[in-house]
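*Asks:* okay, predicted coordinates and the sequence, questions at the end:
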Amino acid sequence: MTRRSYDIVIVGSGAGGGTVAQELSPLCREGVRIAVLEKGPKLRDEEFTGRELEMAQALYEDSGGFLTAEQTMTLAFGCAYGGSTAVYTGTSLLPPQRILERWNVPQLAIADVEQRARKFAEENNVHFLEDSLINENNRLFVEGCRGLNYRVQQFPVNLKGCRGSSLCNLGCPNQAKQGTNRVQLPRAESNGVEVITRCEVLRIGEKTIFARVHAKPAGGKGEPSSWETGDYQIDAQVIVVCAGAVNSPALLMRSGLARKLSRLGHGFTCHPAIIMVAEHNRAITNFVGHPKSFYLDQFAESDRFLLETCMYFPFITAKAMAGFGKEHSRFMQAFARLQMILVLACDEVSAHNRVIIDGAGRTSVHYRFTPEVMRGLVQGSITSAKIFFAAGAVRVHLPVAQFPTIERAESERLDQIAEHPDFKPGKLSISAAHLQGGCAMGSGPRDSVTDAYGRVHGIPWLFVADSSLFPNSLEINPYLTIMALADRVAETIRKEARTLL
Ligand SMILES: Cc1cc2nc3c(=O)[nH]c(=O)nc-3n(C[C@H](O)[C@H](O)[C@H](O)COP(=O)(O)OP(=O)(O)OC[C@H]3O[C@@H](n4cnc5c(N)ncnc54)[C@H](O)[C@@H]3O)c2cc1C
Ligand code: SF4
C-alpha cells in the first residue's frame, strides 16, 4: 500500500466535484495541496468518435446499463473526467423557487442558491441556441405544442461552437459542451489541483481514504492514470465526497457510516423517463442539429410529468420501443423520418426507493414505480402522442398501449388508452439520468445526512457536494443547482480553512 498525503481530497470530478475543485483551487497558491480522485478515465479530444457502443463503454458506469435491483429501469451516469457532465446534453435551467421552498432546508436561502446557479450559467456560456441551429425534430415539437395551445419553452444551453452533430450524450466530439471537463477542471488544474484518474475510492476512514488505481484496459480509451497501478492510503484534513447520487451514499455506507447516519441512501429520486417516437411521411432533420432545444413543463405540478425534445441513437431507440418483430422493425427502418420526445416523470421521495450496499459491498438501487409515477408516464406519453399528431405524424409508437402502434386515424383512441393503460414495469424500457438524493441536506441526523452546507452531521472534516444532497426531486434538469450547492460547500471550506487544515 502506497501512502500519500493532501490537505483536501475531492472524490469524483463531475458537476459537484469539478466545481469544488475550481472554487478551492486559489488555495493552492497559499501552499494548500488538493487532489481530485476520479474513478473514470480522461479521454483525449480525438477519442470522442461519436460511435454509440464504444463511447457508452468509455464514458458511462456499466456502459450506461446500470440496472435497478428490480431490473425495471436503467440508470445512466458518467464515469469519466467530468463525470456525467461529459455526457449530459447541456440544458441549463435555474433552480425553481417552488421546489427549493418545498425542500425547506434550514439555512438554504433560495436567493443564494439562485445567484450561484446564475454565476455558473454565465461561466458556462449558457444562452439560447440561434434559430438557424434548431432542427426539424425540435421545430415539430414547437409546432405540435402551439397547435394544442401548450406553453412550450426553449432550453438555455451551455454550448460554444456547437456543430449540431447531435452526439451530446456520447461525449461531444467538437468540444462544444461546456461541462466541468472543459471549464472547471482545466481551470482547477492550471491553479495547481491534481486530478488523478482511474483512481477508485474504496472506503473512507478517519481523515483517510483507501483507494485503488486501475490499469488502463487493453484497447480501452483514455490516458493512463498519473499514479502507478495499485492500492493507496491517502491522508487528508478535509474530504469532499462528490461521487454522484448512487456512489456517494454507497461509499459512505461502505465506510461504515450507516450506523451513525440512518438516512444514508434514502430519498433517491431520478425522473424516470421513456422515449416516445412517431413516424412522419417525409424525412426530417432529426439526428443532425442540437438534440434538445425545447421543453414543456406546464403539467409538472398537475400531472407530474415533463416533456423534452430528444434524439437517441439507433441502439437506444430500438431498446426503448415496446414489442418486437415487424412493427418494431418498421419504426426502426423509418429512422430518418422519426420525431422523438422524452417523457420524464416527476417522482418524489418514497420509503422503498434507495441506494443500498449488499453483504459483499456491491452497490444496488431499489426503485419501485409509485402509482403517481406510472400516471405521470402514461399522461406524458398520451400528451406526446397528441403533440406528434398535431405536428403531422402519421403513426405513433405508444409503449403504454396494449397495441403500441397508433395510426393517425385512430388518434381519438388516445383518451381511452389513458383510462386503461397497459403499464407493466419491465414491459416498457424506462431509464433515468437525473439521479438525486441519498445524502440529503436537512436539520439533523434524524432527517438527513448533511447540513445545508454539505457537512456530514457529526463529522466536521467530511463534506458531500453533489446531486446526492437533494432532499427531494428538483423536477427540472439539475446540473446548475448541483454546481450552486457545491459552490456553497467550497465557500464553507475556504472560510474555515484556518481551523480545518
Ligand atoms: C445522458 C445524460 C444527460 C444529461 N443531461 C443533462 C442536461 O442536459 N442538463 C442537466 O442539468 N443535467 C443533465 N444530466 C444530469 C447531470 O449530468 C447530473 O445530474 C450531474 O452531472 C450530476 O453531478 P454529480 O456531481 O452528482 O455526479 P457526476 O457528474 O455523475 O460525477 C460523479 C463522478 O464521481 C466519480 N466516482 C464515482 N464513484 C467514485 C469512487 N468510488 N471513486 C472515485 N470516483 C468516483 C464518477 O466516475 C463520476 O465521474 C444528464 C445526465 C446524463 C447521464
Ligand atoms: S450537438 Fe453540439 S454540443 Fe452536442 S455533440 Fe454535437 S457539437 Fe457537441
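*Replies:* Happy to help now that I have it. Ligands and ions are numbered 1, 2, ... in the order given.
*Asks:* tell me which helix or strand comes right after the helix or strand harbouring Gly144.
*Replies:* Per DSSP states H and E, Gly144 falls inside helix 136-147. As assigned by DSSP H and E, the chain's next helix or strand after helix 136-147 is strand 153-154.
*Asks:* quick check, the residue in the stretch 301-450 of the chain closest to ligand 2?
*Replies:* Met311 (9.6 Å; Cβ to the nearest ligand atom). In this view, the C-beta of every residue, glycine as well, is placed from N, C-alpha and C.
*Asks:* hang on, that residue packs against Asn138?
*Replies:* No: applying Cβ atoms under 8 Å as the test, Met311 and Asn138 come out as separate, 9.0 Å apart.
*Asks:* and the gap between the residue lying closest to Lys221 once chain neighbours are set aside and Phe48?
*Replies:* Nearest non-adjacent residue to Lys221, counting by Cβ to Cβ, 6 or more residues apart in numbering: Ala58, 4.2 Å away. Separation of Ala58 from Phe48 (Cβ to Cβ, to the nearest Å): 9 Å.
*Asks:* what is the burial count for Val456?
*Replies:* Using other Cβ atoms under 10 Å, Val456 has 23 neighbouring residues.
*Asks:* tell me the bridge partners for it.
*Replies:* Beta bridges link Val456 to Thr450, judged by DSSP bridges.
*Asks:* isn't it right next to Ser255, touching?
*Replies:* No: counting by Cβ under 8 Å, Val456 stays clear of Ser255, with 10.4 Å between them.
*Asks:* name the residues contacting each of the two.
*Replies:* Counting by Cβ atoms under 8 Å, 6 or more residues apart in numbering, no residue touches both Val456 and Ser255.
*Asks:* dump the residue contacts of Tyr295.
*Replies:* Each residue near Tyr295 by Cβ under 8 Å, 6+ apart is listed here: Thr91, Val152, Gln153, Phe155, Leu306, Leu307, Glu308, Thr309.
*Asks:* filter those residues to the buried ones?
*Replies:* Thr91, Val152, Phe155, Leu306, Leu307, Glu308, Thr309 (16 or more other Cβ atoms under 10 Å).
*Asks:* just those residues: which are in strands?
*Replies:* Among the buried ones among the contacts of Tyr295, DSSP state E puts Leu306, Leu307, Glu308, Thr309 in strands.
*Asks:* between those, which sits nearest Cys145?
*Replies:* Here the nearest of these to Cys145, counting by Cβ to Cβ, is Leu307; it sits at 8.4 Å.
*Asks:* what is the closest one paired to in the beta sheet?
*Replies:* Per DSSP bridges, the residues bridged to Leu307 are Leu296, Val343.
*Asks:* so it sits against Gly380, correct?
*Replies:* Yes: with contact defined as Cβ under 8 Å, Leu307 reaches Gly380; the gap is 6.2 Å.
*Asks:* between the two, what contacts are shared?
*Replies:* Residues within reach of Leu307 and of Gly380 at once, by Cβ under 8 Å, 6+ apart, are Phe299, Val343, Leu344.
*Asks:* could you check how far the last one is from Ala283?
*Replies:* Pointing back at Leu344 there. 28 Å.
*Asks:* out of these two, which sits in the busier spot?
*Replies:* Between Leu344 and Ala283, counted using other Cβ under 10 Å, the more crowded position is Leu344 (27 against 12).
*Asks:* may I see the buried residues of the longest strand belonging to the chain?
*Replies:* Longest strand of the chain, by residue count under DSSP E: strand 230-241. By neighbour count with 16+ other Cβ under 10 Å, strand 230-241 contains the buried residues Tyr232, Ile234, Asp235, Ala236, Gln237, Val238, Ile239, Val240, Val241.
*Asks:* cool, stretch 441-454 as well?
*Replies:* Neighbour counts over stretch 441-454 (16+ other Cβ under 10 Å) mark Met441, Gly442, Pro445, Asp447, Ser448, Val449, Thr450, Asp451, Ala452, Tyr453, Gly454 as buried.
*Asks:* quick one: the helices in the stretch 151-300 of the chain?
*Replies:* For the stretch 151-300 of the chain, the helices defined by DSSP state H, counting those that start in this stretch cover 184-190, 244-254, 300-303.
*Asks:* want to try TSV for the ones you listed, with mean pLDDT as columns?
*Replies:* Formatted as TSV, the helices of the stretch 151-300 of the chain follow (pLDDT from 0 to 100):
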stretch	mean pLDDT
helix 184-190	98
helix 244-254	98
helix 300-303	96
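*Asks:* quick one, which of those helices is packed in tightest?
*Replies:* helix 244-254 (a mean of 26; mean count of other Cβ atoms under 10 Å).
*Asks:* keeping just the C-alphas, turn that helix into CSV.
*Replies:* Taking C-alpha atoms only, helix 244-254 is exported to CSV below (Å, rounded to 0.1, in the frame of the first residue of the first chain):
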residue,chain,number,x,y,z
GLY,A,244,-22.9,11.2,-7.5
ALA,A,245,-26.3,10.2,-6.2
VAL,A,246,-25.6,6.4,-6.5
ASN,A,247,-21.9,6.2,-5.5
SER,A,248,-21.7,8.9,-2.7
PRO,A,249,-24.2,7.2,-0.4
ALA,A,250,-22.8,3.8,-1.3
LEU,A,251,-19.2,5.0,-0.5
LEU,A,252,-20.3,6.4,2.9
MET,A,253,-22.1,3.1,3.7
ARG,A,254,-19.1,1.1,2.7
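*Asks:* that helix and ligand 1 in contact?
*Replies:* Yes: using Cβ under 6 Å from any ligand atom, helix 244-254 comes into contact with ligand 1 via Gly244, Ala245, Asn247, Leu251.
*Asks:* ok, residues contacting stretch 318-334?
*Replies:* Stretch 318-334 is contacted from outside by 274-275, 277, 279, 312, 314, 317, 338, 397, 399, 404-405, 427-429, 431, using Cβ under 8 Å, 6+ apart.
*Asks:* quick one on the thing from earlier: so the residue nearest to Lys221 sits right up against Gly219, yeah?
*Replies:* No: with contact defined as Cβ under 8 Å, Ala58 does not reach Gly219; the gap is 10.8 Å.
*Asks:* tell me which of these two has more neighbours.
*Replies:* Ala58 (23 against 6).
*Asks:* could I get the phi/psi values of the more buried one?
*Replies:* Note on Ala58: backbone dihedrals following degrees, to the nearest 10 are phi -80, psi -30.
*Asks:* check contacts around it.
*Replies:* Taking Cβ under 8 Å, 6+ apart, one finds Pro41, Leu43, Glu47, Ala80, Gly171, Gly220, Lys221, Gly222 in contact with Ala58.
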